[in-house]
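S.K.: I would like the atomic coordinates for the input below:
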Amino acid sequence: MTKIILKRTLSLVILSLICFSAFSQVSTEPKVTGTFYNTDLIEALNEISLQTGVTILTDQYVSGLVTADFVELDLEKALNILLLPGGYSYKKIDENVYFVGLADPQSHNFMNLAEMQVFSLNYISVDKFLNLIPENLHQYIKTNKETNQIVVYAPQNTIDYINDLVEKLDKSEPYIELTVYIVETNERYSDLIKGNVFNINQEGTINSFSFTSPVIGFSIQDLFEAEIEMYEKNETANLVTKQVVNVLPGEPALLSLKNLNSIVFTTYRNEFRNIESGIEIEMTPTMRDKILQLSFRTKTANLMEVKRDSYLLSESELETKVNLNPNEILLIADLDLSQLYSKSGGTTFLKDLPFFRFLFGDNQNQDESKRMMIFLTATPTFEGVDQK
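M.R.: Residues are numbered from 1 along each chain as shown. Alright, predicted model coming up:
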C-alpha cells in the first residue's frame, strides 16, 4: 500500500514539474502591449525594445510611420505587423537580439537577413517555375538547370512563401499520348475509309461510346484499328506503321518523311547539290478542359523536275489548329502519291525509306492511284509523368 502511495506521489510531482516547466517557458516569451499612431517606425521599435528587453538593430533604410494597437501580442507577430507596410524583414541573430532591415540582395546587410534553402522540382522545369511566379521573387532565386533545382537566398518569410508556391505549382501534369497511323491504300478505298472514320468519330462523340471491364475493353481507337485490320485482310489497304509518342502539353512532336536527293548539274563544271523533298508535320498539343487542341505546321517539298543545269521544287506550308476529343481519329494528311512519282520509279521521298521501300519503290508496278493517309489520335495519360 505504501509503495502505491509513493508511486502516485512521485507521478504527481513529475507531472507538476512538467506543467510548471511548460508554463514557465510560455510565460517568458516576450509580449508587446502598446498603441502607436503615426509613430516613427524607429521610435516604435525602440519602445518595443525597452518594453521587452530585446535588442532590435536596424539598418540605414528603415524609416516610415506606423499605426497599430497591441495587447499582450507575441514579439515576432508585432514585428511582422509593424514591418509589413515598408516591406522590411527581420532575423533573430541571437537569443535577445533581432536585426531589422530591407531585404535587398544589393545591400551589404542582406546576408544578415537572409536564409538559404534548396528546392528540387519534380515535375516542371526551373524556367517554367520562374515564369509562373511574381517577378520580384526572381532576385532571391538561383537555378541549377542540370539538377532542376532552385536555390533561394531570402528572409524566412519569403522562403516560406516560395515553398508554398513550389507545393502548388510543381504538380504532375498528364502527358498527351500521340498515336500516328500511316495507311497505304488507293483512291477508291481512301474515300471509304474517310467516311467510316467520320461515322466512328460521330458515334463515339454523340454517345460517348466506350466500354471497359476488368477483362475486356474497347474504344473509338480500337474500332479504327479493327477497321484497318479488316481492310488489310481484304487487301484494300495496308497499315504501314503505327508510332506512339508521349509529349507534355505545349511541347511539339515532329513527323518527318523526307528524302535527300543528290543531283549533279553538268555545266562548264560538275556541281553537286543535296535537295530535301518530302513532308514534315509539326504537332503541338495542348489541353483545354477535356478538349485537346492540336496546332499543326505542315511543310511539303516535291522535286518536280530536274534538268541539266536546274531543277523545279514545289514547296508549300500550312498552319492550322484543330480541337478534338480524347481518342478521336483525325486525318492529318491524305497524299496523292501519283503526283510524287519520279521518273526512275517509286516516289521521290518514300522509296528510299526502309519500311516504305517495298510499297513505293517498285519501278515495274506503279499504281498511280495510290494514296498515303496519315491518321492521329491524342489521349491524356499519366504514364511516365515522374520522368523529366
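S.K.: what residues of the longest strand along the chain count as buried?
M.R.: Counting residues, the longest strand in the chain under DSSP state E turns out to be strand 270-288. Judged by neighbour count (16 or more other Cβ atoms under 10 Å), strand 270-288 contains these buried residues: 277, 278, 279, 280, 281, 283, 284, 285, 287. Glycine gets a C-beta too; all of them are placed from N, C-alpha and C.
S.K.: per-domain residue ranges of this protein.
M.R.: 2-102, 114-169, 175-381 (automatic domain parsing).
S.K.: give me the secondary structure label for the residue most central in space within the chain.
M.R.: With distances taken as Cα atoms, centre = their mean, residue 124 lies nearest the centre of the chain, 5.3 Å away. The three-state assignment at residue 124 reads coil, by DSSP: H, G, I helix; E, B strand; the rest coil.
S.K.: and for the one 3 residues further on?
M.R.: Assigned state for residue 127: helix (three-state reduction, three-state DSSP).
S.K.: show me the contacts for it.
M.R.: Counting by Cβ atoms under 8 Å, 6 or more residues apart in numbering, residue 127 touches 143, 145.
S.K.: correct me, but residue 112 touches residue 99?
M.R.: Yes - using Cβ atoms under 8 Å, residue 112 makes contact with residue 99 at a distance of 5.3 Å.
S.K.: and the residue nearest to the centre of the chain, how far from residue 173?
M.R.: According to Cβ to Cβ, to the nearest Å, residue 124 and residue 173 sit 8 Å apart.
S.K.: what packs against the helix or strand in which residue 379 is found?
M.R.: For residue 379, the host element (DSSP states H and E) is strand 370-381. On a contact count with 3 or more Cβ pairs under 8 Å, 6 or more residues apart in numbering; DSSP states H and E, strand 370-381 meets strand 175-186, helix 187-207, helix 220-233, strand 270-288, strand 291-306, strand 330-336.
S.K.: deepest-packed of these, please.
M.R.: By mean neighbour count, with neighbours taken as mean count of other Cβ atoms under 10 Å, strand 175-186 ranks first of these at a mean of 20.
S.K.: what's that one packed up against?
M.R.: helix 220-233, strand 237-247, strand 270-288, strand 370-381.
S.K.: neighbours around residue 140, how many?
M.R.: By other Cβ atoms under 10 Å, the residues close to residue 140 number 19.
S.K.: give me the below-cutoff pLDDT ranges for the stretch 101-250 of the chain.
M.R.: Within the stretch 101-250 of the chain, the stretches with pLDDT under 70 are 203-218.
S.K.: can you tell me, leaving aside adjacent residues, what's nearest to the residue nearest to the centre of the chain?
M.R.: residue 170 (5.6 Å; Cβ to Cβ, 6 or more residues apart in numbering).
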